[in-house]
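Engineer: Structure of the sequence below:
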Amino acid sequence: MTLSSPRQFASPSFSEEDQSLDLTLRPKTWQDFVGQEKIKKNLNIIIEAAKQRKEVPEHLLFYGNAGLGKTTLAYLVAKEMNSNIRVTSGPAIEKAGDLAAILTNLSEGDVLFVDELHRLNKLCEETIYPAMEDFKLNIIIGRGPMARTMELKVPRFILIGTTTRIALLSAPLRNRFGATFQLNFYEKEDVEKIITRSSQVLKVKIHPEAVKMIAARSRFTPRTANRLLKRVRDFAQVEGEGIITQELVKSALEFLEIDEIGLEPSDRKILEVIIEKFEGGPVGLKTLVAATSEEEDTILDIYEPYLMQLGLIERTPRGRVATKLAYQHLGIKYKSPQTLL
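Structural biologist: Next comes the predicted model:
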């Protein structure tokens, strides 16, 4: 098989297309949502109990790495409650007035979904406390000696917050959620089911062996699995006969520089920097950021969790250390890190 230049697959329209496809592939029912079984069962109990009492459920907090289904769960909870969902994010709420406008426009039983909750500023965070507890807003009108506080009632709503960095949430905010759930990496079998379902939604034929190969390189993450499936589908359409085979997956992912355990060039660069520039570590996060030219948040949220899940790096009090498995994977002769000398 001959593969074309990467430029053919990097057209500007991909961004909008991917966003549209992500919405198409997002599960619409509990039955379509694969994995996270304990969380699904807990949510079903919370929702059913609230329905029987004719109340709104408690506020919910989902945390975990990107792409594991936090947003999808929020939409499923809203659908199960037959509620409207209002979507915003922490950075989008810049001042207390923005928050007041959002809350006062909600209807009884609505879901307010706040993504990246850890980026909500301190003033807005303190403003939302009484709204979460007593469904009231305390708004300060005026300044100086003429300032006065006005109390506004807001409809009873469900706040669903999501974050990839729960440690950055203040304790008072975390404690106001009735239930907190951590989404974990998926089992390989669950990822295979997700890929099979997504291929049916996309109306593309895929061989079982190809499903397994994509799942093995999907970083235990549904979003990554769907992203790889869409890219391989493009290769099948342009370079193949529209059918995703094991051979086509292997050629396509090699062309995209994704290896057999799902490492991308940026992952390997991080490992190589730790091993070759810092003799296996330990190396501090800021030093690693400078040496790799990656964003600190990108390393913390995207690369590091997966590398640690595979056992390729370890986090120590003095910094990151490459493990023996990392040396073996890169084909470099193992050398004991400085921490072990």
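Engineer: residue contacts, Ile47?
Structural biologist: Contacts of Ile47 were listed using CB atoms under 8 Å, 6 or more residues apart in numbering, and they are 57, 77, 80-81. Every C-beta, even on glycine, is put in place using the N, C-alpha and C of the backbone.
Engineer: Filter these down to the buried ones and hand me the ChimeraX line.
Structural biologist: Listed next is the ChimeraX selection for buried residues among the contacts of Ile47, using 16 or more other CB atoms under 10 Å:
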select :57,77,80,81
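Engineer: All the helices of the stretch 151-300 of the chain, in order from the start?
Structural biologist: Taking DSSP state H, counting those that start in this stretch to define them, one finds helices in the stretch 151-300 of the chain at 171-174, 188-201, 208-216, 222-239, 246-255, 265-272, 285-292, 296-298.
Engineer: ok, now the stretch 1-150 of the chain?
Structural biologist: Under DSSP H, counting those that start in this stretch, the stretch 1-150 of the chain gives helices at 14-25, 37-53, 70-80, 96-104, 122-134.
Engineer: And the fourth one, what's buried?
Structural biologist: Spelled out, it's helix 96-104. 96, 99-100, 102-103.
Engineer: before we move on, the earlier item: so which of the helices of the stretch 1-150 of the chain is the most packed in?
Structural biologist: Scoring the helices of the stretch 1-150 of the chain by mean neighbour count under mean count of other CB atoms under 10 Å gives helix 70-80 as the most buried, with a mean of 20.
Engineer: isn't Val204 right next to Phe235, touching?
Structural biologist: No: using CB atoms under 8 Å, Val204 makes no contact with Phe235, being 11.2 Å away.
Engineer: who has more neighbours, the two?
Structural biologist: Legend: neighbour count by other CB atoms under 10 Å for Val204 and Phe235, higher for Phe235 (21 against 17).
Engineer: What sits closest to the more buried one if chain neighbours are left out?
Structural biologist: Using CB to CB, 6 or more residues apart in numbering and skipping the chain neighbours, the partner closest in space to Phe235 is Ala252 (4.0 Å).
Engineer: Work out which residue lies at the spatial centre of the protein.
Structural biologist: Centroid-nearest residue in the chain: Ala66, 1.7 Å away (criterion: CA atoms, centre = their mean).
Engineer: can you list the domain ranges for the protein.
Structural biologist: Structural domains assigned to the chain are 36-182, 186-255, 265-340, following automatic domain parsing.
Engineer: Including mean pLDDT and distance to Arg26, could those domains go into JSON lines?
Structural biologist: Below are the domains of the chain laid out as JSON lines (pLDDT from 0 to 100; distance: least, CB to CB, whole Å):
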{"stretch": "domain 36-182", "mean pLDDT": "87", "distance to Arg26": "5"}
{"stretch": "domain 186-255", "mean pLDDT": "88", "distance to Arg26": "9"}
{"stretch": "domain 265-340", "mean pLDDT": "84", "distance to Arg26": "20"}
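Engineer: Highest mean neighbour count out of the ones you listed?
Structural biologist: Highest mean neighbour count among the domains of the chain (mean count of other CB under 10 Å): domain 186-255, a mean of 19.
Engineer: From the chain's centroid, how far away is that one?
Structural biologist: Put simply, domain 186-255 sits 20 Å off its chain's centre (CA atoms, centre = their mean, to the nearest Å).
Engineer: dump the residue contacts of the closest residue to Ile85 other than its chain neighbours.
Structural biologist: Excluding the flanking residues, the one nearest Ile85 by CB to CB, 6+ apart is Ala78, at 3.9 Å. Counting by CB under 8 Å, 6+ apart, Ala78 makes contact with 84-85, 111, 113, 158, 160.
Engineer: Tell me the one among the residues you listed nearest to Tyr186.
Structural biologist: Nearest to Tyr186, judged by CB to CB, of these is Ile160 at 20.9 Å.
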